[in-house]
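J.: what follows is a protein structure lacking sequence information:
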């Protein structure tokens, strides 16, 4: 082979190596930005700075909400500590109020960069700002419910009760409208606002600016599931929750991040789902799946809501391949990752029967391509599980 040919191939190799190096640097830089933005430990100093800025906005009538007063003026709402909330600011607060005998423990949250998104979407120079705002708000509300209608500002104020109405404030005030739309962009806030009844999620207590405040659920499953009787009690509550997801709302509700850390018990021993952002109504979930390109079925997953890939079109099919029940059996009852499993070590008197039905639960096919009622197969599994769990067994310490 001529030396010029060797030189040509050598230069091509060098060019490819340089490209790979540049790509590696870009990937590394992108990962560093993600780590620094979302995974850096929270700081009390930064948290207090954020609250201070929020209170300045509240005092200057740029931030509104029913909890701005106790947070920023009477100071009944005090900062305790913060935690790393990924893409959210998460502050734990103590509220010394006249409603509860002891200070209420609240969680104060905001999805980061919400204000920048709102500022980019809505320019104050637009003459039709209010109409554009109401149109967008209707879209956001309709993602979570079909029973609410917003036709004007009066409807808006009745729905968004955490935004305290100021009689001297014109509702066309841009800052006021940005407060509302900033809250509406946050799916956890919207779910708690629109579905306050049902006891599946922490209760919403109020808002200030684009921050919202919710009930703090102090206990995780691992804190209370000590004896077999307590494990059975929690398991039955989880099964009831699964059934509630099927028929308590205008359409099926999917839990797409099922794991032990995402469930807790409140002071009244009610089981609460803590990761509200992982909830998807059926139509929204299948729409999200069908928008995705894929080469494999795993490309169609939304956390642990599994999908199927159409290999011909390389688009995800508009369906979920597993179910809430299947995920609860697999991830919580049997256990996954570092969690041992709520029902993984039963007494010998029920062990064989329980393991058999849990195996059936996990391997069952639960394709959900329409918003249908609970399948007879799922109902049978739930009834069998409850029957086995309610058998008289001796308490055991794990």
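T.: Received, thanks. Treat the numbers as computed from the prediction; the structure is a model and nothing was measured.
J.: so where's the stretch 1-150 of the chain shaky on pLDDT?
T.: Within the stretch 1-150 of the chain, the stretches with pLDDT under 70 are 1-40, 98-101, 115-129, 149.
J.: in the chain, which spans are strands?
T.: Counting by DSSP state E, the chain has strands at residues 77-85, 88-95, 104-111, 204-208, 211-215, 219-220, 253-255, 263-265, 271-273, 279-281, 309-310, 315-316.
J.: of all those strands, which lies closest to residue 134?
T.: strand 204-208 (19.3 Å; Cβ to Cβ). For every residue, glycine as well, the C-beta is placed using N, CA and C.
J.: for the closest one, packing partners?
T.: When contacts are defined as 3 or more Cβ pairs under 8 Å, 6 or more residues apart in numbering; DSSP states H and E, strand 204-208 sits against helix 68-72, helix 187-194, strand 211-215.
J.: ranking these by burial, who's on top?
T.: Comparing these by mean neighbour count (mean count of other Cβ atoms under 10 Å), strand 211-215 ranks first with a mean of 24.
J.: can you name every helix or strand that that one contacts?
T.: strand 104-111, helix 187-194, strand 204-208.
J.: quick one: strands adjacent to it?
T.: Applying DSSP bridges to the sheet, strand 211-215 is found paired with strand 104-111 (antiparallel), strand 204-208 (antiparallel).
J.: just how off-centre is stretch 143-158 within its chain?
T.: 22 Å (Cα atoms, centre = their mean, to the nearest Å).
J.: end-to-end on it?
T.: End-to-end distance of stretch 143-158 (Cα to Cα, to the nearest Å): 18 Å.
J.: mind giving me the domain split of the chain?
T.: 44-215, 219-389 (automatic domain parsing).
J.: before we move on, the earlier item: for residue 300, find the nearest of the helices and strands packed on strand 211-215.
T.: Across those, closest to residue 300 is helix 187-194 (Cβ to Cβ), at 20.6 Å.
J.: distance between the closest one and the chain's centre?
T.: On Cα atoms, centre = their mean, the centre of helix 187-194 falls 10 Å from that of its chain.
J.: next one: stretch 137-154
T.: Distance, centroid of stretch 137-154 to centroid of chain: 20 Å (Cα atoms, centre = their mean).
J.: do stretch 87-103 as well
T.: With Cα atoms, centre = their mean, you get 20 Å for stretch 87-103.
J.: and the helices in the stretch 201-350 of the chain?
T.: Taking DSSP state H, counting those that start in this stretch as the test, the helices found in the stretch 201-350 of the chain are 221-224, 228-247, 282-290, 324-327, 348-363.
J.: turn those helices into a markdown table, columns for mean pLDDT, mean neighbour count and distance to residue 84.
T.: A markdown table is the format used below for the helices of the stretch 201-350 of the chain (pLDDT from 0 to 100; neighbours: other Cβ atoms under 10 Å; distance: least, Cβ to Cβ, whole Å):
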| stretch | mean pLDDT | mean neighbour count | distance to residue 84 |
| --- | --- | --- | --- |
| helix 221-224 | 80 | 15 | 19 |
| helix 228-247 | 92 | 18 | 26 |
| helix 282-290 | 91 | 19 | 26 |
| helix 324-327 | 94 | 25 | 25 |
| helix 348-363 | 91 | 15 | 32 |
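J.: picking that back up, need the helices and strands packed on strand 211-215 in CSV (columns: distance to residue 163).
T.: Listed next are the helices and strands packed on strand 211-215 as CSV, based on distance: least, Cβ to Cβ, whole Å:
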stretch, distance to residue 163
strand 104-111, 15
helix 187-194, 10
strand 204-208, 7
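J.: so which of the ones you listed is nearest residue 360?
T.: helix 187-194 (31.7 Å).
J.: next, the angle strand 104-111 makes with the closest one.
T.: If you take axes from the mean of the first three to the mean of the last three Cα atoms, to 10 degrees, helix 187-194 sits at 130 degrees to strand 104-111.
J.: what does helix 187-194 contact?
T.: For helix 187-194, contacts defined as Cβ atoms under 8 Å, 6 or more residues apart in numbering pick out 109, 140-141, 143-145, 148, 159-162, 183-184, 201-204, 207, 212, 214, 276-277, 279.
J.: what's the closest non-adjacent residue to residue 205?
T.: residue 213 (4.6 Å; Cβ to Cβ, 6 or more residues apart in numbering).
J.: returning to what we had before: now, of the contacts of helix 187-194, which are buried?
T.: Among those, those buried by neighbour count (16 or more other Cβ atoms under 10 Å) are 109, 140-141, 143-145, 159-160, 162, 183-184, 201-202, 204, 207, 212, 214, 276, 279.
J.: re the thing from before, dump the strands paired with strand 211-215 to CSV, plus distance to residue 386.
T.: Below are the strands paired with strand 211-215 laid out as CSV (distance: least, Cβ to Cβ, whole Å):
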stretch, distance to residue 386
strand 104-111, 32
strand 204-208, 31
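J.: between those, which one is closest to residue 263.
T.: Across those, closest to residue 263 is strand 104-111 (Cβ to Cβ), at 15.5 Å.
J.: so which of the strands of the chain gets nearest residue 247?
T.: Of the strands of the chain, nearest to residue 247 by Cβ to Cβ is strand 253-255, at 9.6 Å.
J.: packing partners of the closest one?
T.: Looks like strand 253-255 contacts helix 228-247, strand 279-281, helix 282-290, helix 324-327 (3+ Cβ pairs under 8 Å, 6+ apart).
J.: list the contacts of the shortest one.
T.: For strand 279-281, the surrounding residues in contact (Cβ under 8 Å, 6+ apart) are 143-144, 187, 191, 249-256, 273, 288, 302, 305.
J.: so who does the nearest residue to residue 51 once chain neighbours are set aside touch?
T.: In this structure, residue 51 finds its nearest non-sequential neighbour in residue 79, 6.2 Å apart by Cβ to Cβ, 6+ apart. Shown in contact with residue 79 (Cβ under 8 Å, 6+ apart): 44, 47-48, 51, 91-93.
J.: scan those residues and report the most crowded one.
T.: residue 91 (24 neighbours; other Cβ atoms under 10 Å).
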